[in-house]
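1. Below are the sequence and a predicted model for it; my questions follow.
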Amino acid sequence: AKVKIPTPCESLSALRPVQLVGGEQTLFAITADGKVYATGYGAGGRLGIGGTDSVCQATLLESIQHVCIKTVAVNSGGKHCLALSADGEVYSWGEGDDGKLGHGNKTSCDRPRVIEALRGKDIISISCGGAHSAATTTTGELYTWGKGRYGRLGHGDSEDQLKPKLVEALLGYRVIDVACGSGDAQTLCITDDDNVWSWGDGDYGKLGRGGSDGCKIPMKIDSLAGLGVIKVECGSQFSVALTRSGSVFTWGKGDYHRLGHGTDDHVRRPRKVAALQGKRIVSIATGSLHCVACTVETGSTSEKGATWTAGDVYTWGDNDEGQLGDGSTNAIQRPRLVAALQGKKINRVACGSAHTLAWSTNKPVATSKLPSLVPLEYDLLQDMSPTLLRNRLVLLHHFSEVFCPSIAMFPLGLLGINDGKSTGQR
């Protein structure tokens, strides 16, 4: 059934997540101690829990439970995921079409697998599109891979890339954020010289330079230069930018009112969302056809000393599944306050394809808790160092991944066993 009003989710709240992200009918939660949980539609192995079954409860990704995951990336309409560990390693899983998993092939993975080509690159941020992926390093280098059509990878051509490839056009600049679109996709990034760049398909003006021309290498969006953009997002055929001062700009395809300007006109250059004027937005997310934003936390003040509203949430755009949280399925033309979330002190928001998430990270987060009973294995393991235990767990998971797919090739039937016994008796 459709959930048209924000509803508490006790099972997710119990995890005390520090991050939530949504994909194409999926949801992922990351806890303070680096565990990843998934729920939703399992086709193509997109949940990363092994197999393609769908699950209705948050389920631990056991194959990477020994790894401390800092962040997970998935496009709101995406069928694959990336995860970044505290050690700077990148894992990918899900649908493998177009090489977007970065493993040198187009094979799907139902469990997270390290992207070998990014090892040693000191990755600090990741992004997923519908058919391509991106990652940035501590030194500001940008790598992209996956589907190359329309030049979305920024390498000057339209070739698919099965492994991460450095975007040479941005050498000499330090990339600090990147966003990947879906469908006939665009890519956006921010560099530390206060510029926003875009490339890929240009339909509906979503590259933000006027007109509908695409480009195959990164080009600056001049109208955003010097505005202090700190975050970029890509929805389906539209783009969003958030500035340090809390202003929101949108541009691209306008139907379903996804841009929030009160009309369904396409907008070919970044335009400030007027309905959010005077509100300092601190978190924003895009679904396929809708957006959600929340204001600054309690106690923060503007440069003029005015106190901002605590954690209010605004939504706009398509509402077919009740994703805007107003109790209806009617599209909303301009950002509207989600009344059911007033007073909840929300400071984080996220979107899936047609679902919306809002939560608070204000409360202290317990990184772990002790089991209620002493595990049976404790006597055997108590003298081993955590490092040794971790390495054994890694080896065990690696053995499982190699051995389990091969079981079908072993003659494990009773006939073979009986034959062996008979031979021994002779």
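-> Arrived safely, thanks for sending.
2. can you map out the helices along the stretch 301-426 of the chain?
-> According to DSSP state H, counting those that start in this stretch, the stretch 301-426 of the chain carries its helices in the segments 378-381, 386-403, 414-425.
3. What's the separation between the residue nearest the centre of the chain and residue 259?
-> The centroid of the chain falls nearest to residue 73 when counting by Cα atoms, centre = their mean (2.3 Å). Per Cβ to Cβ, to the nearest Å, residue 73 is found 24 Å from residue 259. In this view, the C-beta of every residue, glycine as well, is placed from N, C-alpha and C.
4. same check, this time on residue 91
-> From residue 91 over to residue 259 (counting by Cβ to Cβ), the distance is 34 Å.
5. what pLDDT does residue 235 get?
-> Looking at residue 235, its pLDDT is 93.
6. whoops, residue 416 was the one
-> Residue 416 is assigned a pLDDT of 50 by the prediction.
7. Residue 413 now?
-> With respect to pLDDT, residue 413 has a value of 61.
8. Same question for residue 181.
-> Here, the pLDDT recorded for residue 181 equals 96.
9. Equivalent analysis for residue 376, please.
-> 71.
10. Please enumerate the strands of the stretch 201-350 of the chain.
-> Using DSSP state E, counting those that start in this stretch, the strands found in the stretch 201-350 of the chain span residues 215-220, 229-234, 238-243, 248-252, 267-272, 281-286, 290-295, 313-317, 332-337, 348-351.
11. Switch those over to JSON lines; also include distance to residue 139 and mean neighbour count.
-> What follows is the strands of the stretch 201-350 of the chain, written out as JSON lines (distance: least, Cβ to Cβ, whole Å; neighbours: other Cβ atoms under 10 Å):
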{"stretch": "strand 215-220", "distance to residue 139": "17", "mean neighbour count": "18"}
{"stretch": "strand 229-234", "distance to residue 139": "19", "mean neighbour count": "22"}
{"stretch": "strand 238-243", "distance to residue 139": "24", "mean neighbour count": "25"}
{"stretch": "strand 248-252", "distance to residue 139": "28", "mean neighbour count": "26"}
{"stretch": "strand 267-272", "distance to residue 139": "28", "mean neighbour count": "18"}
{"stretch": "strand 281-286", "distance to residue 139": "27", "mean neighbour count": "23"}
{"stretch": "strand 290-295", "distance to residue 139": "31", "mean neighbour count": "27"}
{"stretch": "strand 313-317", "distance to residue 139": "36", "mean neighbour count": "27"}
{"stretch": "strand 332-337", "distance to residue 139": "37", "mean neighbour count": "18"}
{"stretch": "strand 348-351", "distance to residue 139": "28", "mean neighbour count": "24"}
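12. closest one to residue 130 among these?
-> For the strands of the stretch 201-350 of the chain, the distance to residue 130 is smallest for strand 229-234, at 9.4 Å, taking Cβ to Cβ.
13. report the angle between the axes of the closest one and strand 281-286?
-> 20 degrees (axes from the mean of the first three to the mean of the last three Cα atoms, to 10 degrees).
14. Could you list every helix and strand in contact with strand 229-234?
-> Here strand 229-234 is seen to pack against strand 175-180, strand 186-191, strand 238-243, strand 281-286 when contacts are counted using 3 or more Cβ pairs under 8 Å, 6 or more residues apart in numbering; DSSP states H and E.
15. All set now, cheers.
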